[in-house]
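# Got a predicted structure plus its sequence, pasted below:
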Amino acid sequence: MECVLLRHGIAAEGNEWQGPDGDRPLTERGVKRVEQAAAGLNRLDVLPTHVLSSPLARAIETAKIVHSALSVRSAIEIIDELLPDAPPNRLLSILRKLPPESCVLCIGHEPQLGMAATVLLSGRVSASFPLKKAGACLIDLSIPAKPVRGILRWWLTPGQLRAMGKGHKL
């Protein structure tokens, strides 16, 4: 199973946003950068069979952009296991339910995504490897998905994904 962890794009700043934090949308720049990052994922031949998103607006908006850009056939599934404060092991319970041949794209937040990656790779919860906004990583998972059994295939910054989307070599 392949698991792509993607952090949402640039969103309105909390101190500039008048509504609830969960409703903060992507900025125009955030939308454009997510579109460019999605083009990079496309060049990497990321072919998700499942798209999972946090229920927060900025993650759902990111998921919709990437879902469309990668022509994913399945619907976006909104799950609380990708909220910023969700324990990373809760995501594992979702991943274990998916078919072995799945490529799952998880769109969420920090610190949760970085901690989920460290659990998959090392078995320990750590915030040592945060993803930047619109940055992503690909982890190959054993079946069933278990801590420590993940193999990191790539970890790319938003700038690297955008450059790939524009056809530049890294």
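Right, received. Where do you want to start? Just so it is clear, the model here is predicted, and its values are computed rather than measured.
# going forward, measure contacts and count neighbours with C-alpha atoms only.
OK.
# Quick check: which ranges of the chain have low pLDDT?
For the chain, the stretches with pLDDT under 70 are 169-170.
# Sketch out the strands for it, chain order is fine.
Using DSSP state E, the strands of the chain run over residues 2-7, 50-53, 76-78, 103-108, 136-140, 151-156.
# Now find how far off-centre stretch 63-83 is within its chain.
Taking Cα atoms, centre = their mean, to the nearest Å, the mean C-alpha location of stretch 63-83 is offset from the chain mean by 9 Å.
# Also stretch 16-35?
Using Cα atoms, centre = their mean, the offset of stretch 16-35 from its chain centre is 16 Å.
# Only C-alpha atoms, please: export it in PDB.
Extracted in PDB, the C-alpha atoms of stretch 16-35 (Å, rounded to 0.1, in the frame of the first residue of the first chain):
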ATOM      1  CA  GLU A  16      -6.900  38.000  10.000                       C
ATOM      2  CA  TRP A  17      -9.800  35.500   9.700                       C
ATOM      3  CA  GLN A  18     -13.100  36.600  11.300                       C
ATOM      4  CA  GLY A  19     -14.800  33.200  11.400                       C
ATOM      5  CA  PRO A  20     -14.100  29.900  13.200                       C
ATOM      6  CA  ASP A  21     -10.700  28.400  12.700                       C
ATOM      7  CA  GLY A  22     -12.100  25.300  11.000                       C
ATOM      8  CA  ASP A  23     -13.600  27.500   8.300                       C
ATOM      9  CA  ARG A  24     -10.400  29.300   7.300                       C
ATOM     10  CA  PRO A  25     -10.100  28.900   3.500                       C
ATOM     11  CA  LEU A  26      -7.000  28.700   1.300                       C
ATOM     12  CA  THR A  27      -5.700  32.100   0.000                       C
ATOM     13  CA  GLU A  28      -5.500  32.800  -3.700                       C
ATOM     14  CA  ARG A  29      -1.800  32.100  -3.400                       C
ATOM     15  CA  GLY A  30      -2.600  28.900  -1.500                       C
ATOM     16  CA  VAL A  31      -4.900  27.700  -4.300                       C
ATOM     17  CA  LYS A  32      -2.400  28.400  -7.000                       C
ATOM     18  CA  ARG A  33       0.400  26.600  -5.100                       C
ATOM     19  CA  VAL A  34      -1.700  23.600  -4.400                       C
ATOM     20  CA  GLU A  35      -2.600  23.400  -8.100                       C
END
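# Fine by me, thanks again.
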